[in-house]
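Visitor: Predicted model follows, preceded by the sequence.
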Amino acid sequence: MMLSFSRLGRLGLGLRTRVTRAFSQQALLEPLSTHPGVTCLSLNRPEAKNAISTTLLKELRENLQIVHSDSSVRALILRSSTPGSFCAGADLVERRTMSDAQVAEFLTNLRGALGQLEALPMPTIAAIDGPALGGGLELSLACDLRVAASEVKKIGLPETGLGIIPGAGGTQRATRLLGQSKAKDLIFTGRLLTADEALEWGLVDYISDPGSTAFDKALQLAEMISRNAPLAVRAAKHVISRSEDLPLETGLDFERAAYNLLIPSKDRVEALEAFKQKRRPIFKGE
């Protein structure tokens, strides 16, 4: 079928509108058609190294709200839309124009965003392909897993050098992850770690192979996760996340209750049938 020039023009205008809208967003959701079940939450402010502005923060929270109720998402990758980048922390240029009340509101909203990220029902992976500083590292700490590119040189919480402390959960999440001694070292000194050092400290879980990106490695992990039964993976995340808050016996009861809910699921039946037939199960999240 041939298209008229006017029809082509309208199609081009529509495409330009969509592209312009995408590029104007500072945070956006990008489902990966090549990897069903895997979605990216992309930070898209390359001119400021994805420094967290009030606009980026607002859009981040909106996207987190959307993805929270999307049962089709089996794994979420937090990444930068720009190669060689992740997040440089709060936008200090914008911060200088803000009143004390506005700063307080920003910190409240940032804390809320990281709480939303941490509370997502599906597994989350931070793909750290560039500096992760201050609020940028705090973003990654709210994810379930962290992957850093092997060449990354700046991962840390340098706030004490700016006369403040980490204000979006860094003192709490880093301590839970690293223990008090290492968290104090990281925050008191404001030191910046390389990817290798961050792996040694336990601040990240993986580093990419030389010549590949953190996103490449994160995508491999997300693909492995998305093959498994989504209800089971979400239940496992929920139970694990509560483990630090509960006494052992209560935690064991909580685990058993979650286990029992999965027994009658269609995915559980499918898994048993696939095992019998010696094939890979096809999970539908039901």
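Guide: Thanks, I have it. Residues are numbered from 1 along each chain as shown.

Visitor: can you pull the contacts of A258?
Guide: Residues counted as contacts of A258 (Cβ atoms under 8 Å, 6 or more residues apart in numbering) are 235-236, 238-239. C-betas here are computed from N, CA, C, even on glycine.

Visitor: Next, count neighbours for I77.
Guide: By other Cβ atoms under 10 Å, 26 other residues sit near I77.

Visitor: Are we agreed that it is in a helix?
Guide: No: counting by DSSP: H, G, I helix; E, B strand; the rest coil, I77 is not found in a helix; it is strand.

Visitor: can you tell me the helix or strand for A127?
Guide: For A127, the element it lies in under DSSP states H and E is strand 124-128.

Visitor: Tell me the helix or strand right after that strand.
Guide: Criterion used, DSSP H and E; the element after strand 124-128 is strand 132-133.

Visitor: Which residues does that following strand contact?
Guide: Contacts of strand 132-133 (Cβ under 8 Å, 6+ apart): 86-89, 126, 139-140, 148, 152, 154-158, 192.

Visitor: Quick check: which of the residues you listed has the minimum pLDDT.
Guide: Least confident by pLDDT among the contacts of strand 132-133: that is G89, with 89.

Visitor: tell me the contacts of that residue?
Guide: 51-52, 133-137.

Visitor: want to try CSV for those, with secondary structure, pLDDT and neighbour count as columns?
Guide: As requested, those are exported to CSV (DSSP: H, G, I helix; E, B strand; the rest coil; pLDDT from 0 to 100; neighbours: other Cβ atoms under 10 Å):
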residue, secondary structure, pLDDT, neighbour count
A51, coil, 93, 23
I52, strand, 94, 30
L133, strand, 96, 22
G134, coil, 95, 26
G135, helix, 94, 26
G136, helix, 95, 30
L137, helix, 97, 32
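
Visitor: Can you tell me which of the residues you listed is nearest L162?
Guide: Taking Cβ to Cβ as the measure, G134 is the one of the contacts of G89 closest to L162, at 8.3 Å.
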